[in-house]
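Asker: have a look at this prediction, sequence included:
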Amino acid sequence: MRTPNASSSKAREIKVEETLTSSSPNPACCSSVEQICWNSGGRQMNNAHEHGGWTISEVERLTGLPRRDIQRCCYSGKGGLGIIKPQDSTWGRRTYSARDVATLFVVRLEKQQGLSLPEIGEKLRKRPVIGSEVEPGLLAVHIARLKERQEEVSGQLLAARALLMASQGAEPLLAGELVENEIDAQVVEALRKMADEEAEQIDAHADRVACRGWLLRSFALLAGDAHFSEASERATLALAGAIDGIHERYNVSHVAAKKILNWAFTAPGMSVVVDVWLGPGTYELLLQTLH
């Protein structure tokens, strides 16, 4: 395997930090509707374009909108919205482009928030579905909202699993493994988003996931009561050990390692998991020490 030079290692650290700490959506990234569009009845998006787009039956399935709503979005007369203009094919059928599907997908999301079709039409006339780098469109706004909801639900799931373990008398270390798994999953995913030229290095990082217990060992001396006299000193040592572990595990700087640990500890649901793992009050102690 090739050895990365200093500049490539530094670039990788920056990319990992940006991926983990970024809270704003990237309008150019693959959105929910784009993922849906990539597969339409076993047909890829490019092939769909070559065939002239999607039929209304396919659009119903892709967007979840009823046919009546789709037709109202097309109609420009009284009672219609006129926000999309599907093309007439040689067979007399209307076909819908990827942009049409994206618009209808946003319509469904807006309906889920309680807006009526006329209200949605007015909103779309004021702000486009597909915006620009300067002003993201409504689809990018919804991506940001969906991402927030996803993180919130993931945090609730993480906390619920830890509490279930504790309620059933499971070993507290199992909750620690949840934290370890969460860090591994997110950092490896960040690494996989880098350029293909670093694929070999990324695979090496992914292989390290099999080496369990790296985080548990760092915090072993802190398990128990967070209010004993030496708790603060032990918290400092535990965090230093965890930062060293992340530095070695992911081949990033100590500054990047601290940011990764801070990101993990402030993720939704983590307060419950850490307290179940290390004892009541430990999460607040670690967070104060880390900051």
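Answerer: Looks like it arrived, so ask away.
Asker: could you pull out the buried residues of the helix or strand harbouring Val101?
Answerer: Applying DSSP states H and E as the criterion places Val101 in helix 98-112. Within helix 98-112, the residues that count as buried by 16 or more other CB atoms under 10 Å are 98, 100-111. No exception for glycine: its C-beta is placed from N, CA and C like everyone else's.
Asker: and the angle for the helix or strand just after that helix with helix 98-112?
Answerer: Beyond helix 98-112 on the C-terminal side, the first helix or strand identified by DSSP H and E is helix 117-126. Relative orientation of helix 117-126 versus helix 98-112 (axes from the mean of the first three to the mean of the last three CA atoms, to 10 degrees): 130 degrees.
Asker: buried residues, helix 117-126. List them.
Answerer: Using 16+ other CB under 10 Å as the test for burial, helix 117-126 gives 117, 120-121, 124.
Asker: what's the answer for stretch 79-87, then?
Answerer: By neighbour count on 16+ other CB under 10 Å, the buried set for stretch 79-87 is 81, 83-84, 86.
Asker: mean confidence score for the helix or strand encompassing Ala160?
Answerer: According to DSSP H and E, Ala160 maps onto helix 138-167. The pLDDT scores in helix 138-167 average 88.
Asker: ok, stretch 97-108 next?
Answerer: Stretch 97-108 carries an average pLDDT of 91.
Asker: repeat for stretch 111-131
Answerer: 90.
Asker: send over it as PDB, restricted to the C-alpha atoms.
Answerer: Taking C-alpha atoms only, stretch 111-131 is exported to PDB below (Å, rounded to 0.1, in the frame of the first residue of the first chain):
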ATOM      1  CA  LYS A 111     -48.300  18.800   2.000                       C
ATOM      2  CA  GLN A 112     -46.900  16.800   4.900                       C
ATOM      3  CA  GLN A 113     -46.300  20.100   6.700                       C
ATOM      4  CA  GLY A 114     -49.900  21.000   6.400                       C
ATOM      5  CA  LEU A 115     -49.900  23.300   3.400                       C
ATOM      6  CA  SER A 116     -52.700  23.200   0.800                       C
ATOM      7  CA  LEU A 117     -51.900  22.900  -2.900                       C
ATOM      8  CA  PRO A 118     -52.800  26.600  -3.600                       C
ATOM      9  CA  GLU A 119     -50.400  27.600  -0.700                       C
ATOM     10  CA  ILE A 120     -47.700  25.400  -2.100                       C
ATOM     11  CA  GLY A 121     -48.100  26.800  -5.600                       C
ATOM     12  CA  GLU A 122     -47.800  30.300  -4.200                       C
ATOM     13  CA  LYS A 123     -44.700  29.300  -2.300                       C
ATOM     14  CA  LEU A 124     -43.100  27.700  -5.300                       C
ATOM     15  CA  ARG A 125     -43.700  30.900  -7.400                       C
ATOM     16  CA  LYS A 126     -41.700  32.900  -4.800                       C
ATOM     17  CA  ARG A 127     -38.800  30.400  -4.500                       C
ATOM     18  CA  PRO A 128     -37.600  27.800  -7.000                       C
ATOM     19  CA  VAL A 129     -37.300  24.200  -6.200                       C
ATOM     20  CA  ILE A 130     -33.800  24.000  -7.600                       C
ATOM     21  CA  GLY A 131     -31.800  27.000  -6.500                       C
END
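Asker: residue numbering should commence at 230 henceforth.
Answerer: Sure, I'll start numbering at 230, so the last one becomes stretch 340-360.
Asker: what's the nearest residue to Leu516 if we skip its chain neighbours?
Answerer: In space, and not counting its chain neighbours, Leu516 is closest to Phe494: 6.0 Å by CB to CB, 6 or more residues apart in numbering.
Asker: and what of Leu403?
Answerer: Residue nearest to Leu403 in three dimensions, not counting chain neighbours: Met394, with 5.3 Å by CB to CB, 6+ apart.
Asker: if I pick the one you found, what's in contact with it?
Answerer: 403-404, 505 (CB atoms under 8 Å, 6 or more residues apart in numbering).
Asker: repeat for His520
Answerer: His520 touches Asn491, counting by CB under 8 Å, 6+ apart.
Asker: what's the pLDDT at it?
Answerer: Reported pLDDT for His520: 80.
Asker: and it, how close does it get to Val416?
Answerer: Going from His520 to Val416 by CB to CB, to the nearest Å gives 21 Å.
Asker: ditto for Leu507
Answerer: 21 Å.
Asker: who's more crowded, the two?
Answerer: Between Leu507 and Val416, Leu507 has the larger neighbour count (other CB atoms under 10 Å), namely 26 against 23.
Asker: just the helices from the stretch 230-379 of the chain, written as ranges.
Answerer: In the stretch 230-379 of the chain, the helices defined using DSSP state H, counting those that start in this stretch lie at 235-250, 261-266, 274-279, 285-292, 296-303, 327-341, 346-355, 367-396.
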